[in-house]
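Novice: Need a 3D model of the following:
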Amino acid sequence: MGVTAAVFTALPLLAAEGDGDWLTVRNRIRIEYDDNIYETERNKQDSVKFIEELELHLNASLNQTYISLRYRPSFIYWSDRNPDDTDLHHDLDLVLNHEFSPRARIALKNTLRLAELPELIDRGTTLRQNDDYLYNVSDANLEYSLRPKTFLRVGGRYTLLEYDDADVAATENYDIAAGGVTLGQKLSGDTILNADFRVEQTDYDGPDRGSDSLYYGLGLEQTLNPAFVATIRAGIQDKEFNDSALGSEDQPYFDLVLTYLPSPDTRISLGTGYSMFEADVFPFASQDRLLFFGNIAHDLTARVTLYLAGSYQMSDYSADQAVENDRVEVLSDGSEEAFQASTRASYQVNKSNWLELSYQLISLNGDLREDFDRNRVSVGWRVEL
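Specialist: Below you'll find the model as predicted:
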């Protein structure tokens, strides 16, 4: 945490030289009803939760440098959960962008999560392990303009997931190291064509479910008009498993994201993607994942805003991609469907205060784990300074 402390110390000094407001403080207090806290199909246990969430957002913008640091601790008290009736989560996000010259720039980002009894980790993986965890993602991208319409981007990412409980950690801990090169060409003022090459290494604790992947692909970003942007990436993924008995696998991958702003009051984002992905179910070494997602935000009035978000994930697991082990004796192919939907209404009482009402549904159905549906309804008060 030494680097984080140094950034906290430096930000006020940088902000003094930068633009106006550099500190935002938000506090949310919510009461929530949860109808299935253990995510079981039968004998569901419900509970009322009291949630206190503080958010500190520091940012500084200079001529060539932008720094953003967001820290969000949250405390949760459960009225009917045994034996532990409290949770404490920590979210920390750091962004650093710097322009060395008009032709060279760097972007750094770090995402840290310390949480208890996780339900969802970034990248869409659904988890139900009964354990605290640490999750961290570090990204770095260096971009250089070779010519006025041609750029080269070199990037890397390191992902780490670690559980506290030894039994869970023995099979579920993993780290992923990835690096790649993108060559981009601006075909016109509204079109950018990319050629991508990426390598990725995945390693798990316990039985060797690791793999090495190579990605070869093309990307296209099209700005149809100032309010409509489409981005697509597609190519071939070549995955070589560490366990020689599993061999290798070649499959296409793709990602499509559409962003549409039909009016100043409405924001819409839709997307889909398919690829071989890290496995969330032991002892599989991989999954074929198809994902759809979308979100809409609409300002009904100057004071009332509605949010709607949803995602659908289909995961296919093959018995041919499962490692031999002494924990699972009989194994066959399987699939899972995960559906999430949420909506929130926000009413601005005055300049600093909002009232919020929200609902969330999580549903998991498949062959490999226990099915469940979980509904949550909450009402809260948000203060922003």
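
Novice: contacting residues for Tyr307?
Specialist: For Tyr307, the contacting residues are Asn295, Ile296, Ala297, Ser342, Thr343, Arg344, Ala345, Ser346, by Cβ atoms under 8 Å, 6 or more residues apart in numbering. (Each C-beta comes from the backbone N, C-alpha and C, glycine too.)

Novice: So the fourth one versus Gly206, what's the distance?
Specialist: Spelled out, it's Ser342. Going from Ser342 to Gly206 by Cβ to Cβ, to the nearest Å gives 34 Å.

Novice: If we go by neighbour counts, what in the host helix or strand of Arg72 is buried?
Specialist: Assessed by DSSP states H and E, Arg72 sits inside strand 65-78. For strand 65-78, a neighbour-count test (16 or more other Cβ atoms under 10 Å) marks Tyr66, Ile67, Ser68, Leu69, Arg70, Tyr71, Arg72, Ser74, Ile76, Trp78 as buried.

Novice: on that earlier part again, secondary structure and distance to Val95 added to the contacts of Tyr307, as JSON lines?
Specialist: Below are these laid out as JSON lines (DSSP: H, G, I helix; E, B strand; the rest coil; distance: Cβ to Cβ, whole Å):
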{"residue": "Asn295", "secondary structure": "strand", "distance to Val95": "21"}
{"residue": "Ile296", "secondary structure": "strand", "distance to Val95": "25"}
{"residue": "Ala297", "secondary structure": "strand", "distance to Val95": "22"}
{"residue": "Ser342", "secondary structure": "strand", "distance to Val95": "25"}
{"residue": "Thr343", "secondary structure": "strand", "distance to Val95": "28"}
{"residue": "Arg344", "secondary structure": "strand", "distance to Val95": "24"}
{"residue": "Ala345", "secondary structure": "strand", "distance to Val95": "29"}
{"residue": "Ser346", "secondary structure": "strand", "distance to Val95": "25"}
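
Novice: Looking at those, which is nearest Ala115?
Specialist: Ser342 (18.2 Å; Cβ to Cβ).

Novice: How many residues are close by the closest one?
Specialist: Ser342 is flanked by 16 other residues according to other Cβ atoms under 10 Å.

Novice: what bridges to Thr259?
Specialist: Val229, Ser269 (DSSP bridges).

Novice: Revised request: answer the last question for Glu162.
Specialist: In beta-bridge terms (that is, DSSP bridges), Glu162 pairs with Leu134.

Novice: ok, now how distant is it from Gln287?
Specialist: 21 Å.

Novice: Compare the two and say which is more crowded by neighbours.
Specialist: Per other Cβ under 10 Å, whichever of Glu162 and Gln287 has more neighbours is Gln287, with 23 against 16.

Novice: hang on, the more buried one packs against Phe277?
Specialist: Yes. Using Cβ atoms under 8 Å, Gln287 is in contact with Phe277, at 5.1 Å.

Novice: so what sits against both of those two?
Specialist: Common contacts of Gln287 and Phe277 (Cβ under 8 Å, 6+ apart): Ser315.

Novice: between the contacts of Tyr307, which is nearest Asp333?
Specialist: Ser342 (31.2 Å).
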